[in-house]
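K.L.:
This is the structure alone, sequence omitted:
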């Protein structure tokens, strides 16, 4: 029996995530995980989802987006509003259900923002697209800085540049979301990662995914055979925005206070670093890079003031190593050998049966 290479790669990716989750859960239950690292578990899940979703745009679709933090912020603040509304209006004390509904709400709002920005923007190419998406992220951040939302007996009140509204403020302009009910969990983060992998990997291996990659590799040739380039690029862009919105909701509901300054241009660049370091187009690489680079600053706290300097040096060294042609050839050779051995083993088992 011949094992499908794409299926094998997908199973390995799922397996890495599941094994990492089991190890972390066992460390938490036995108390062997430090408090600082335990606090990083949900953010690690968030950044993994952000990296995988951005890779769908940058690596699979071939477009450079610098406004991914904008979709994350839309999901974060809309998810907080949905969660608070469900609690105040319907007294929904079931936290896992409320978190799921809030993530769905955050994803829908981010998807709508993706459609609105994608319709005019995806007709642009190259640097122009990057500049417009960057501007979108900054516009969203500045809008949230002027936004005030409160709840009074289950009724929502909203105003711009006016904090004098009835009820308890949940979003307070430049202060961001205050008094947030922290309901995000590591288990839900793991579920979101698995959902993201399911959506992205199935999209990549589908007919639509092949059309998206065709528009990336040869736009003119794809148009000549009747592929609607804008449609498929929009599909990748909106899917990425929805996943980023859901990750933003999980991030927002993990802290008691969330300010719009958390979603600046630097955040989009950080996610792009995860994608580039893990390998553009490599989903598994994005997962590993996001997890390692999120944990690395905590592990380097022993270096005190030189922590970020060491972090930058490690980034440079890793980039030099991963772009070494000899090392790449060696890694491809090792991977091919492993796959051949697995294929031979599967063939022998099929013959014995």
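P.N.:
Perfect, thanks for sending it. What you see is a predicted model; the values in this text were computed from it and never measured.
K.L.:
lowest-pLDDT helix or strand in this structure?
P.N.:
Least confident helix or strand, the chain: helix 325-352 with a mean of 62, by mean pLDDT, DSSP states H and E.
K.L.:
And the residue nearest to residue 161 when sequence neighbours are not counted, how close does it get to residue 45?
P.N.:
Spatial nearest neighbour of residue 161, chain neighbours left out: residue 146 (5.1 Å); criterion: Cβ to Cβ, 6 or more residues apart in numbering. To be clear about C-beta, it is placed using only N, CA and C from the backbone, and glycine gets the same treatment. Computed as Cβ to Cβ, to the nearest Å, the residue 146 to residue 45 distance reads 30 Å.
K.L.:
So for these two, which sits in the more crowded spot?
P.N.:
Shown here are residue 146 and residue 45; by other Cβ atoms under 10 Å, residue 45 has more neighbours (30 against 13).
K.L.:
tell me the pLDDT at the more buried one?
P.N.:
Looking at residue 45, its pLDDT reads 95.
K.L.:
Also the one 3 residues further on?
P.N.:
Residue 48 carries a pLDDT score of 95 in this model.
K.L.:
Also residue 307?
P.N.:
63.
K.L.:
do the same with residue 126
P.N.:
Looking at residue 126, the pLDDT reads 69.
K.L.:
Can you show me the helices along the stretch 101-250 of the chain?
P.N.:
Along the stretch 101-250 of the chain, counting by DSSP state H, counting those that start in this stretch, helices occupy 127-145, 186-204, 207-217, 219-224, 229-252.
K.L.:
right, and those helices - which one's nearest residue 11?
P.N.:
Residue 11 sits nearest to helix 186-204 of all the helices of the stretch 101-250 of the chain, at 10.2 Å, using Cβ to Cβ.
K.L.:
quick one: residue 100 from residue 77, how far?
P.N.:
Taking Cβ to Cβ, one finds residue 100 at 18 Å from residue 77.
K.L.:
what residue ranges in the stretch 201-350 of the chain score low on pLDDT?
P.N.:
Confidence mapping of the stretch 201-350 of the chain against pLDDT under 70 gives the ranges 301-308, 311, 318-325, 327-328, 330-332, 334-335, 338-350.
K.L.:
For the closest residue to residue 169 other than its chain neighbours, list each beta-bridge partner.
P.N.:
In this structure, residue 169 finds its nearest non-sequential neighbour in residue 150, 4.7 Å apart by Cβ to Cβ, 6+ apart. Counting by DSSP bridges, residue 150 is bridged to residue 157, residue 169.
K.L.:
Residue 150 contacts residue 162, doesn't it?
P.N.:
No - here residue 150 does not reach residue 162: they are 10.8 Å apart, not a contact under Cβ atoms under 8 Å.
K.L.:
Look at those two and report which has more neighbours.
P.N.:
Between residue 150 and residue 162, counting by other Cβ under 10 Å, residue 150 is the more crowded of the two (19 against 10).
K.L.:
From residue 77, how far out is the more buried one?
P.N.:
From residue 150 across to residue 77, the span is 14 Å (Cβ to Cβ).
K.L.:
now do residue 163
P.N.:
Relative to residue 77, residue 163 is positioned 16 Å away (Cβ to Cβ).
K.L.:
Compare the two and say which one has the larger neighbour count.
P.N.:
residue 77 (27 against 11).
K.L.:
which residue is nearest the middle of this protein?
P.N.:
In the chain, the centroid-proximal residue (Cα atoms, centre = their mean) is residue 50; its distance is 1.4 Å.
K.L.:
Once you drop chain neighbours, what's closest to that residue?
P.N.:
residue 271 (4.8 Å).
K.L.:
how close does the one you found sit to residue 90?
P.N.:
Residue 271 is 34 Å from residue 90, by Cβ to Cβ.
K.L.:
between the two, who's got more neighbours?
P.N.:
Each of residue 271 and residue 90 has its neighbours counted (other Cβ under 10 Å); residue 271 has more, 28 against 10.
K.L.:
isn't the more buried one right next to residue 52, touching?
P.N.:
No - the pair residue 271 / residue 52 is not scored as a contact, 10.0 Å apart, by Cβ under 8 Å.
K.L.:
What's the end-to-end length of stretch 81-97?
P.N.:
One end of stretch 81-97 sits 15 Å from the other (Cα to Cα, to the nearest Å).
K.L.:
How about residues contacting it?
P.N.:
Stretch 81-97 is contacted from outside by 98-99, 101-102, 105-106, 149, 151, 153-154, 156, 170-171, 181, 183, 185, 188, 249, 253, using Cβ atoms under 8 Å, 6 or more residues apart in numbering.
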